[in-house]
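Enquirer: need the 3D shape of this:
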Amino acid sequence: MLTRIQAALRDAIRADADRVGPFLIRFDAHSDNLFMNYAVPDEGAAPTRAEVDALVAAFRARSRTPRLEYLRPSPVVDAALEAAGFTVDQLLPMMAIDSLVAPPVPAGLTVEAVTSDDDLLAVSVVQNTAFGVGGTAGAEDVARQRSLLRDDGVIVLARLDGEPVGAGVYTAPRYRLSQVAGIAVLPSFRGRGIASAVCADLTARVFDSGCTPFLETEPDGKVDRLYGPLGYRTIGHSASITLKEPTTLNDQLRPGPRQGEPLA
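Expert: Down below sits the predicted model:
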């Protein structure tokens, strides 16, 4: 299943991705957020040092931090990136589910699929706030959400007594898989079962579409506290790998950026 998931994640960015050697790169035109800009290696990739250097150059040309996301094991890619100075930031649990254990829905909570600009803006406000994304949500965020809808994804908004408090998405089906992602709850409403309700709603929708849900989470307790009780289990890990050191002699000789300055 991990091979299918990796293929699905790769195909999810293929249409708009840049290709550099054996890598597909997703660049976000509006944000330098690490999680919106990343590369994925091809299946069976064996990158050379020159190809890794070209990958780094592509990120730096757009003032983005060189970063990759891919599933392990991938020892050849691991070795090539380590030799170029990349380091592992996180190993994120990859989880799948066979059947949903539906949790109780908090009183006054509704979870609905949304498509209007006003609702997509509300989703963006919830997610940006929950994930600590700087700036005010606006038209660019709505355009990003609408792009997911055009790709046959689904976006849900949770309201508590009519007030937007939570959100989440599932991505377009690929290889009969859909990723549950972007689950967010406003900080002042956490601990009330809202995240569980959002995740359960999305999971049920994926099953109803005839696909199998999967998700990636941080190793911060959600595996056992949030997703495990719903029926999710860990099946592997996704590596988040970033370049934090210069990779060429010219880079080593060039002064590094001062604090607050983007990489050139």
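Enquirer: distance of the residue nearest in space to the middle of the chain relative to residue 131?
Expert: The centroid of the chain falls nearest to residue 35 when counting by C-alpha atoms, centre = their mean (6.2 Å). Remark: distance between residue 35 and residue 131 (C-beta to C-beta, to the nearest Å) = 8 Å. For every residue, glycine as well, the C-beta is placed using N, CA and C.
Enquirer: what residues do those two have in common as contacts?
Expert: Counting by C-beta atoms under 8 Å, 6 or more residues apart in numbering, residue 35 and residue 131 have no contacts in common.
Enquirer: hey, what's residue 234 bridged with?
Expert: residue 95 (DSSP bridges).
Enquirer: so where do the helices sit in the stretch 151-264 of the chain?
Expert: 194-208, 222, 249-253 (DSSP state H, counting those that start in this stretch).
Enquirer: now the ones you listed in a markdown table, with mean pLDDT and distance to residue 4?
Expert: Converted to a markdown table, those look like this (pLDDT from 0 to 100; distance: least, C-beta to C-beta, whole Å):
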| stretch | mean pLDDT | distance to residue 4 |
| --- | --- | --- |
| helix 194-208 | 98 | 14 |
| helix 222 | 90 | 23 |
| helix 249-253 | 41 | 37 |
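Enquirer: tell me who's in contact with the nearest residue to residue 152 once chain neighbours are set aside.
Expert: Leaving out its chain neighbours, the residue that sits closest to residue 152 by C-beta to C-beta, 6 or more residues apart in numbering is residue 172, at 4.1 Å. Residue 172 makes contact with 12, 148, 151-153, 178 under the criterion C-beta under 8 Å, 6+ apart.
Enquirer: how does it look with 6 Å?
Expert: Contacts for residue 172 were tallied using C-beta atoms under 6 Å, 6 or more residues apart in numbering; they are 151-153.
Enquirer: mind checking which of these are buried?
Expert: By neighbour count, with 16 or more other C-beta atoms under 10 Å, the contacts of residue 172 hold residue 153 as buried.
Enquirer: going by distance to residue 185, which of the contacts of residue 172 wins?
Expert: Distance to residue 185 across the contacts of residue 172 (C-beta to C-beta) is lowest for residue 153, with 19.8 Å.
Enquirer: does that closest one touch residue 171 like I think?
Expert: Yes - between residue 153 and residue 171 there is a contact under C-beta atoms under 6 Å: 4.9 Å.
Enquirer: could you check the helix or strand hosting residue 10 and say which residues are buried?
Expert: Element membership for residue 10, per DSSP states H and E: helix 2-14. For helix 2-14, the neighbour count (16+ other C-beta under 10 Å) marks 2, 5-6, 8-10, 12-13 as buried.
Enquirer: quick one: the residues you listed as a markdown table, columns for pLDDT and distance to residue 244 too.
Expert: A markdown table is the format used below for these (pLDDT from 0 to 100; distance: C-beta to C-beta, whole Å):
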| residue | pLDDT | distance to residue 244 |
| --- | --- | --- |
| 2 | 91 | 27 |
| 5 | 94 | 27 |
| 6 | 93 | 24 |
| 8 | 92 | 29 |
| 9 | 90 | 24 |
| 10 | 93 | 25 |
| 12 | 87 | 26 |
| 13 | 90 | 23 |
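Enquirer: tell me the two of those that are most distant?
Expert: For those, and using C-beta to C-beta, no pair is farther apart than 2 and 13, which are 17.7 Å apart.
Enquirer: just how off-centre is the one helix or strand residue 143 maps to within its chain?
Expert: In this assignment (DSSP H and E), residue 143 forms part of helix 139-150. Its chain's C-alpha centre and that of helix 139-150 lie 15 Å apart, by C-alpha atoms, centre = their mean, to the nearest Å.
Enquirer: what lies in contact with that helix?
Expert: Against helix 139-150 from outside (C-beta under 6 Å, 6+ apart): 30, 117, 120-121, 124, 155.
Enquirer: any weak-confidence spans in the stretch 151-264 of the chain?
Expert: 245-264 (pLDDT under 70).
Enquirer: one more time with 80
Expert: For the stretch 151-264 of the chain, the stretches with pLDDT under 80 are 219-220, 245-264.
Enquirer: using the three-state scheme, assign the nearest residue to residue 196 once chain neighbours are set aside.
Expert: Taking C-beta to C-beta, 6+ apart, and ignoring the residues beside it in sequence, residue 196 has residue 103 as its nearest neighbour in space, at 4.5 Å. Counting by DSSP: H, G, I helix; E, B strand; the rest coil, the backbone at residue 103 sits in coil.
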